[in-house]
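**Q** got a predicted model here, sequence first, then my questions.
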Amino acid sequence: MFKLKAAAAALTILLVAGCSSDGQLTATGITITRSACPAVAIPAATGDVTLFNPESSRDASAIDVVANITNIRTTCDESGEHIVSNVTFDIQALRRDTRGDREVVLPYFATVVQAGSNVVSKSLSRVSLRFADGQARASATGSATGRVLASAAALPEDIRRQITRQRKPGDADAAIDPMADPNVRAAVQNASFELLIGFQLTEDQLRYNATR
């Protein structure tokens, strides 16, 4: 489980850096670019995980392993029927007790979300972190793929024309943001997707991350 509202709030739907432009709006020197590629984000409270020993304790002295997701890298292919986003990221971990070799396996999710709240797909994977004897740190690489129908991410033609129509200084609507129109805003939101990645946490782990 994770909080979609927090993830959506962290994303700028219109100004998304992506693979190619769906259209441009030029008005008094301002250019807006929209990509059909899903924005990539980590939902609130799922970017790190803390393991305890004993598991029931939440004392700082009982912290066993701490891991976090970092260095996210994304590629996107819009050439086919589906828009395919491939994401790789690093997982860095730190353990308290450095005695002996140890392997820690952590689950993580990749979820495609439409319009900020509609879950299109979700996959679960695992990553293995291997600590060498005497070493406090370990790292590994995770990956995820999100697929979106290109037709679902495309704006309706009338909306696209409204957004990309060039305005000239002096036009009555030259300084009006097209997104101020509720119909335009709703269409852009419905055609916007996010690829969310994070650790697959238990309710206790989510609660700890949210309240610490």
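**A** Noted; the coordinates are in hand. Residues are numbered from 1 along each chain as shown.

**Q** ok, the residue positioned nearest the centre of the chain to residue 196 distance?
**A** Most central in the chain under C-alpha atoms, centre = their mean is residue 41, positioned 1.9 Å from the mean C-alpha point. Distance check for residue 41 against residue 196: by C-beta to C-beta, to the nearest Å, it reads 6 Å. In short, each C-beta sits where N, CA and C put it, glycine included.

**Q** equivalent analysis for residue 95, please.
**A** For residue 95 relative to residue 196 (C-beta to C-beta), the value is 27 Å.

**Q** show me which of these two is the more surrounded one.
**A** residue 196 (25 against 21; other C-beta atoms under 10 Å).

**Q** report pLDDT for the more buried one.
**A** Listed pLDDT for residue 196 reads 97.

**Q** contacts for the host helix or strand of it?
**A** Here residue 196 sits within strand 193-199, counting by DSSP states H and E. Strand 193-199 is contacted by residues 2, 4, 7-8, 11, 38-43, 46-49, 67, 69, 72, 83, 85, 87, 89, 106-114, 116, 120, 142, 144, 146, 148, 152-153, 205 when judged by C-beta atoms under 8 Å, 6 or more residues apart in numbering.

**Q** do that again at 6 Å, thanks
**A** 7, 38-43, 46-47, 49, 85, 108, 110-114, 144, 146, 148, 153 (C-beta atoms under 6 Å, 6 or more residues apart in numbering).

**Q** helices and strands of this protein: which one has the lowest mean pLDDT?
**A** One helix or strand of the chain scores below all others by mean pLDDT, DSSP states H and E: helix 4-9, with a mean of 38.

**Q** for the nearest residue to residue 67 once chain neighbours are set aside, give me its contacts.
**A** In this structure, residue 67 finds its nearest non-sequential neighbour in residue 93, 3.9 Å apart by C-beta to C-beta, 6 or more residues apart in numbering. Taking C-beta under 6 Å, 6+ apart, we find residue 93 in contact with 65, 67, 129, 138.

**Q** so how far is residue 141 from residue 115?
**A** Counting by C-beta to C-beta - residue 115 and residue 141 are separated by 31 Å.

**Q** neighbour count: these two, which is higher?
**A** Per other C-beta under 10 Å, whichever of residue 115 and residue 141 has more neighbours is residue 115, with 16 against 11.

**Q** do I have it right that the more buried one meets residue 189?
**A** Yes. Between residue 115 and residue 189 a contact is recorded at 5.0 Å, counting by C-beta atoms under 6 Å.

**Q** which pLDDT value belongs to residue 137?
**A** What the model reports as pLDDT for residue 137 is 98.

**Q** count the residues that sit near the closest residue to it other than its chain neighbours.
**A** Leaving out its chain neighbours, the residue that sits closest to residue 137 by C-beta to C-beta, 6+ apart is residue 94, at 5.7 Å. For residue 94, the count of nearby residues is 14 (other C-beta under 10 Å).

**Q** pretty sure residue 94 sits in a strand.
**A** Yes. Looking at residue 94 with DSSP: H, G, I helix; E, B strand; the rest coil, it is inside a strand.

**Q** are any of the contacts of residue 93 buried, and which?
**A** 65, 67, 129, 138 (16 or more other C-beta atoms under 10 Å).

**Q** name the element the second one belongs to?
**A** What that stands for is residue 67. With DSSP H and E as the test, residue 67 turns up in strand 63-77.
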